[in-house]
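Engineer: Kindly generate the corresponding structure for this input.
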Amino acid sequence: AVGNEFEDGRIHYFHDSGVLLEHDRREGLEQLLTGTLVEPGLCNKLYSRKLFDRFFEQNRMDLSIKQTEDLLMNFLLFDCAERSVFQDVCKYRYMVRTGSATRTALNDAIVYDPLRVRKLILDYATGDIRKVAQSTYIDICINSYNLLAVSQDTRYLHILPYLRQEILAHWDWVRMLKRKRRMIAVLLKISPFLHKVVYHSYAQYIKENIYE
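Structural biologist: Below is the predicted model of the structure:
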């Protein structure tokens, strides 16, 4: 679990239920990819040293990735582990500052790396976990489209047609998403203009009520 601590003293926790669970390999990977329980950061996890032997032997980590690299590294380590233990206690907080450059400015890493990471995970995923990788890949395509569609930074607008094409080409994967995400995808399928109008209002509401 992690928490966002704001300048006015508010703390927004992600989970922090206190629950203690043991997962097998598949369950651990699923929880990590979906974020239902396991948060993707590295800073709140402990690993057995022997896992890193296999991790380095596989040599699947792309060191050029600067954003969402925690998720990829965690995926590769969880993939090496037979089991994992999850304790939902918040020991780590992010300080959230209004106007922070990390929250407002787009760059190549922020735009491209999350897509690269989810695509790599999709390539590496096998067995039962592949469907989870498919749903989370299409989810990041939708999320990236949402981000760029309402951004004032116009440098990355050329990516929108590609993202929409990916979403439409893998529409069966969209059906695996939660209802709210499916509704956003349907709006995007019907009309990119309608999607932009509706999602801009939604994003503004979230910003004013949660992150400000």
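Engineer: In which helix or strand does the residue nearest the centre of the chain reside?
Structural biologist: Taking CA atoms, centre = their mean, the centroid of the chain lies closest to I140, which sits 6.6 Å from it. According to DSSP states H and E, I140 maps onto helix 129-150.
Engineer: Next: L177.
Structural biologist: Using DSSP H and E, L177 maps to neither a helix nor a strand.
Engineer: same thing with the one 3 residues further on?
Structural biologist: Secondary-structure assignment from DSSP H and E places K180 in helix 179-190.
Engineer: Quick one: list the elements packing against that helix.
Structural biologist: Applying 3 or more CB pairs under 8 Å, 6 or more residues apart in numbering; DSSP states H and E, one finds that helix 179-190 contacts helix 129-150, helix 160-169, helix 171-174, helix 192-209. All C-beta spots, glycine's among them, are computed from the backbone N, C-alpha and C.
Engineer: Which of the ones you listed sits closest to L120?
Structural biologist: Closest to L120 of the helices and strands packed on helix 179-190, according to CB to CB: helix 129-150, at 9.7 Å.
Engineer: now that closest one, how far from the centre of its chain.
Structural biologist: Mean-position distance between helix 129-150 and its chain equals 8 Å (CA atoms, centre = their mean, to the nearest Å).
Engineer: Distance check, the residue nearest to R175 when sequence neighbours are not counted against M176.
Structural biologist: Distances taken as CB to CB, 6 or more residues apart in numbering place R182 nearest to R175, at 7.1 Å, with adjacent residues excluded. According to CB to CB, to the nearest Å, R182 stands 9 Å off from M176.
Engineer: quick one: low-confidence ranges for the protein?
Structural biologist: Applying pLDDT under 70 to the chain flags residues 1-5, 11-14, 92-94, 97-104, 205-212.
Engineer: quick one on the thing from earlier: now the helix holding I140 against helix 179-190, angle please.
Structural biologist: Put simply, helix 129-150 runs at 60 degrees to helix 179-190, going by axes from the mean of the first three to the mean of the last three CA atoms, to 10 degrees.
Engineer: Tell me what angle helix 129-150 forms with helix 192-209.
Structural biologist: Counting by the same axes, to 10 degrees, helix 129-150 lies at 90 degrees to helix 192-209.
Engineer: list the buried ones in helix 129-150?
Structural biologist: Neighbour counts over helix 129-150 (16 or more other CB atoms under 10 Å) mark 129, 132-150 as buried.
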